[in-house]
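Peer 1: When you get a sec, could you give me coordinates for this:
(one chain, ligands or ions: 3)
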Amino acid sequence: MYKIGVLPGDGIGPEITVQAVRVLEAVGRRYGRDFKFTEGLIGGAAYDAVGHPLPPETLDLCHNSDAILLGAVGGSKWDDLPSHLRPEVGALLPLRKELGLYANLRPTRVFPALINASTLKPEVVSGLDILVVRELTGGLYFGKKSKEPLAGGGYRVIDTLEYTTPEIERIAHLAFQMARKRRNKVTSVDKANVLESSRYWREVVTAIGTEYPDVELDHYYVDNCAMQLVKNPRQFDVLVTENMFGDILSDQASMLSGSLGMLASASIGGEIGLYEPSHGSAPKYTGMQRANPIATILSGAMLLRFSLNLEEEADCIERAITKVLDLGYRTADLMEEGKELVNTIQMGDRIIEQIESGV
Ligand code: NAD
Ligand code: IPM
Ligand code: MN
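Peer 2: Residues are numbered from 1 along each chain as shown. Ligands and ions are numbered 1, 2, ... in the order given. Predicted coordinates:
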């Protein structure tokens, strides 16, 4: 039996998570795997229910699970709470840190059926396959912060971008190892022309690179990388970068595939992996069954692959999604003329039908 902790969270979180759970159940039935799902509270939903966005019971659930599936957290209702009670800073970041999840993998590829869904020209995005390896427990998000009043009124506000040698080394190793399973190319992204932390990042990544002579390494400044991602995205295989650069570049990269609603993620590095779509809680769609559940369902496939070592089952989910897209079913974010519009639940249904019919 595999124990999967499920943290639906806020906004569209519950709607998309339930579809991923249904899909995992379907694949479990097909391959004779017993998944036990246990739900926990996180984010604004947890704050409303018990007064804290990351209750101790949720942490216990995570520690007692083989892997965790998360929807999304956050929403304007909780934006003005003190930092430590906000869904993002009070729950998501400490959960990643507590579980030692220093690497966030965000794969962008273009499903052939979605070639026209991207805002970029088909010839620019066709066949692209990029893996963003985002450092997840250091950098600007976790450095020292402060807000001090100024004598003459106003404040001095500080966020610090900090990294240690081991933190850079381990994420670099992971990026090179990932590249070896792909097209043997790593692009490290930094701002070494300005930032001390980036100059050292580049130095360490270069040194680690000598241990992987079969993997090509190049370095881009983050501003140029953002431009190259829309100019010629197929030049990239693995992009490895600092926490906040990775946050931004991965959302940007998602649009190459047609929608942020397609961008899955795996947060790994500790004993227990956390799997969540890269997007947020899309508050304006809450309760409408309009959101695309595919990023969450693909995150479920990553959960099977990385945490449970169920490669065949993961492949099956990806084949089912490919088939459903080939058949022309689209959620609103991907809708084009001539395709059939489906809602969140119907997209889940279509994918499950494929799994059940032996795709
Ligand atoms: P968002 O990712 O929620 O939404 C960005 C845009 O993409 C919106 O137009 C949204 O409607 C659309 N979108 C996102 N997911 C979609 C899906 N599955 N299907 C269709 N459309 C989708 O980002 P935001 O609006 O900047 O933030 C909203 C809230 O989510 C904030 O509170 C933010 O802090 C939080 N957030 C949480 C996470 C997380 O839990 N990992 C990630 C990002 C943002
Ligand atoms: C993401 C989100 C989070 C991040 C926020 C909500 C803390 O944007 O998972 O990409 O920046 O890591
Ligand atoms: Mn983000």
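Peer 1: Buried ones in the longest helix that the chain contains, by neighbour count?
Peer 2: If you go by DSSP state H, the chain has its longest helix at helix 13-31. Of all the residues in helix 13-31, those buried under the rule 16 or more other CB atoms under 10 Å are 13-24, 26-28, 30. Using the backbone N, CA and C atoms, a C-beta is placed for each residue, glycine as well.
Peer 1: ditto for stretch 77-89
Peer 2: 78, 85-89.
Peer 1: what sits against residue 11?
Peer 2: Taking CB atoms under 8 Å, 6 or more residues apart in numbering, we find residue 11 in contact with 71-72, 74-75, 280-283, 285-286.
Peer 1: returning to what we had before: the longest helix of the chain vs ligand 2: in contact?
Peer 2: No. Contact of helix 13-31 with ligand 2 (CB under 6 Å from any ligand atom) is absent, the minimum separation being 11.7 Å.
Peer 1: which bits of the protein sit near ligand 1?
Peer 2: 72-75, 88, 92, 260-261, 276, 279-285, 291-292, 295, 333.
Peer 1: Now the buried members of the residues you listed.
Peer 2: 72-75, 88, 92, 260-261, 276, 279-282, 285, 291-292, 295, 333.
Peer 1: could you pick out which of those residues are near ligand 2?
Peer 2: 74, 88, 92, 280.
Peer 1: out of those residues, which one sits closest to ligand 2?
Peer 2: Proximity of those to ligand 2 was ranked by CB to the nearest ligand atom; the top entry is residue 88 with 3.8 Å.
Peer 1: Can I take it that that closest one is in a helix?
Peer 2: Yes. Counting by DSSP: H, G, I helix; E, B strand; the rest coil, residue 88 falls inside a helix.
Peer 1: Relative to residue 289, how far out is it?
Peer 2: 25 Å (CB to CB, to the nearest Å).
Peer 1: need the residues of the stretch 51-200 of the chain near ligand 2, please.
Peer 2: Near ligand 2, when you scan the stretch 51-200 of the chain using CB under 6 Å from any ligand atom, you find 74, 88, 92-93.
Peer 1: show me where the stretch 201-350 of the chain has helices.
Peer 2: Ranges of helices within the stretch 201-350 of the chain are 222-231, 243-254, 294-302, 311-326, 344-356, based on DSSP state H, counting those that start in this stretch.
Peer 1: and among those, the most buried is which?
Peer 2: helix 294-302 (a mean of 27; mean count of other CB atoms under 10 Å).
Peer 1: Tell me the helices and strands packed up against that one.
Peer 2: Packing partners of helix 294-302 (3 or more CB pairs under 8 Å, 6 or more residues apart in numbering; DSSP states H and E): helix 13-31, strand 67-72, strand 273-275, helix 311-326, helix 344-356.
Peer 1: Just send the ones you listed back as TSV, with mean pLDDT too.
Peer 2: Converted to TSV, these look like this (pLDDT from 0 to 100):
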stretch	mean pLDDT
helix 13-31	98
strand 67-72	98
strand 273-275	98
helix 311-326	98
helix 344-356	98
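Peer 1: All the strands of the stretch 101-250 of the chain, residue numbers only.
Peer 2: Under the criterion DSSP state E, counting those that start in this stretch, the stretch 101-250 of the chain contains strands at 103-109, 129-135, 145-149, 155-159, 185-190, 216-221, 238-241.
Peer 1: Redo those as a markdown table? Include mean neighbour count.
Peer 2: As requested, those are exported to a markdown table (neighbours: other CB atoms under 10 Å):
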| stretch | mean neighbour count |
| --- | --- |
| strand 103-109 | 24 |
| strand 129-135 | 25 |
| strand 145-149 | 10 |
| strand 155-159 | 11 |
| strand 185-190 | 24 |
| strand 216-221 | 17 |
| strand 238-241 | 28 |
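Peer 1: Include mean pLDDT when you put those strands into CSV, please.
Peer 2: Formatted as CSV, the strands of the stretch 101-250 of the chain follow (pLDDT from 0 to 100):
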stretch, mean pLDDT
strand 103-109, 98
strand 129-135, 98
strand 145-149, 97
strand 155-159, 98
strand 185-190, 99
strand 216-221, 98
strand 238-241, 98
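Peer 1: Dump these to JSON lines, plus distance to residue 43.
Peer 2: Below are the strands of the stretch 101-250 of the chain laid out as JSON lines (distance: least, CB to CB, whole Å):
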{"stretch": "strand 103-109", "distance to residue 43": "18"}
{"stretch": "strand 129-135", "distance to residue 43": "20"}
{"stretch": "strand 145-149", "distance to residue 43": "21"}
{"stretch": "strand 155-159", "distance to residue 43": "22"}
{"stretch": "strand 185-190", "distance to residue 43": "29"}
{"stretch": "strand 216-221", "distance to residue 43": "34"}
{"stretch": "strand 238-241", "distance to residue 43": "26"}
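Peer 1: before we move on, the earlier item: list just the nearest of the buried residues of helix 13-31 to residue 303.
Peer 2: Lowest distance from residue 303 to the buried residues of helix 13-31 (CB to CB) belongs to residue 24, with 7.8 Å.
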